[in-house]
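Trainee: Sequence and predicted model, in that order:
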Amino acid sequence: NAGVTQTPKFQVLKTGQSMTLQCAQDMNHNSMYWYRQDPGMGLRLIYYSASEGTTDKGEVPNGYNVSRLNKREFSLRLESAAPSQTSVYFCASSGMGSLAGARGEQFFGPGTRLTVL
Amino acid sequence: QKEVEQDPGPLSVPEGAIVSLNCTYSNSAFQYFMWYRQYSRKGPELLMYTYSSGNKEDGRFTAQVDKSSKYISLFIRDSQPSDSATYLCAMSSTGGGNKLTFGTGTQLKVEL
């Protein structure tokens, strides 16, 4: 049981380049989330997917797009990277059908460290 | 003003000390309260969970919620160097896979 996996672990981009961050979970969770974490700002929600086939904006969606490819996978795309998008990106998942799911516990991946020059 | 406020620290304590970490919030609809622990260069992991007001104890950790004051606390007894991490409070108005609102996190260092 791998839990939540993210690729890549590290990435350096130049301003204007595009890239996709990948996330997969093997816990059969319905809901998946993308956060960014910056010093002094905590975890801020970028986009989330309450269930397969649906996506919604979070607190800081500008400059990002997402795709819920299937129940397991949720990707985050930066179409034209900017230095302000330098951050650590975390994917998380949660689901019903268990005590953890009923209380809304989210399980996090190890993160992707992105630097935009 | 943020919905959830948390002192970022850093907080440095000697081994064996009692640590108190706190968050205040403004949204009276919050009912589910969690504390996540995040080690350096890792993802957050759930440490404690409390529903509504009251106390919950798990080993050296105690979580308290005072909804009347909109204030939650995490106490760590007999702190250990392995407790050195960033502690984030999180809360939601409904359970079951819904959005969490996080505090900014408090960085704790327990020194030998």
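Mentor: On my side now, so go ahead.
Trainee: residues touching B:E5, list them.
Mentor: By C-beta atoms under 8 Å, 6 or more residues apart in numbering or on different chains, B:E5 lies in contact with B:23-25, B:103. Glycine gets a C-beta too; all of them are placed from N, C-alpha and C.
Trainee: ok, now which ones touch the nearest residue to A:T20 once chain neighbours are set aside?
Mentor: Once flanking residues are discounted, A:T20 sits nearest to A:R77: 4.7 Å by C-beta to C-beta, 6 or more residues apart in numbering or on different chains. For A:R77, the contacting residues are A:18-21, A:64-67, by C-beta under 8 Å, 6+ apart.
Trainee: for chain A, what spans make up the strands?
Mentor: Residue ranges of the strands in chain A, as given by DSSP state E, are A:4-7, A:10-13, A:19-25, A:31-38, A:42-49, A:56-57, A:64-68, A:74-78, A:87-94, A:107-108, A:112-116.
Trainee: Equivalent analysis for chain B, please.
Mentor: Here chain B has its strands, by DSSP E, at B:4-6, B:11-14, B:19-25, B:32-38, B:45-51, B:54-58, B:61-66, B:71-76, B:85-92, B:101-102, B:106-111.
Trainee: Indicate which one of those is closest to A:G111.
Mentor: Proximity to A:G111 (C-beta to C-beta) singles out strand B:32-38 among those, at 9.7 Å.
Trainee: any idea how far the residue nearest the centre of chain A is from B:Y71?
Mentor: In chain A, the centroid-proximal residue (C-alpha atoms, centre = their mean) is A:W34; its distance is 2.5 Å. Computed as C-beta to C-beta, to the nearest Å, the A:W34 to B:Y71 distance reads 30 Å.
Trainee: pretty sure B:K56 contacts B:Y49?
Mentor: Yes: using C-beta atoms under 8 Å, B:K56 is in contact with B:Y49, at 7.4 Å.
Trainee: which residues do those two both contact?
Mentor: Common neighbours of B:K56 and B:Y49 (C-beta under 8 Å, 6+ apart) are B:A63.
Trainee: Neighbour count: these two, which is higher?
Mentor: It is B:Y49, of B:K56 and B:Y49, that has more neighbours when counted by other C-beta atoms under 10 Å in any protein chain shown, with 20 against 14.
Trainee: returning to that earlier point: format the strands of chain B as CSV; extra columns: mean pLDDT and distance to A:I46.
Mentor: As requested, those are exported to CSV (pLDDT from 0 to 100; distance: least, C-beta to C-beta, whole Å):
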stretch, mean pLDDT, distance to A:I46
strand B:4-6, 94, 18
strand B:11-14, 96, 29
strand B:19-25, 97, 22
strand B:32-38, 94, 18
strand B:45-51, 90, 20
strand B:54-58, 91, 31
strand B:61-66, 96, 28
strand B:71-76, 97, 25
strand B:85-92, 94, 16
strand B:101-102, 92, 13
strand B:106-111, 96, 23
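Trainee: So for A:T5, which of these sits nearest?
Mentor: Here strand B:45-51 is closest among the strands of chain B (C-beta to C-beta), at 15.0 Å.
Trainee: ok, the closest one: who's next to it in the sheet?
Mentor: Strand B:45-51 pairs in its sheet with strand B:32-38 (antiparallel), by DSSP bridges.
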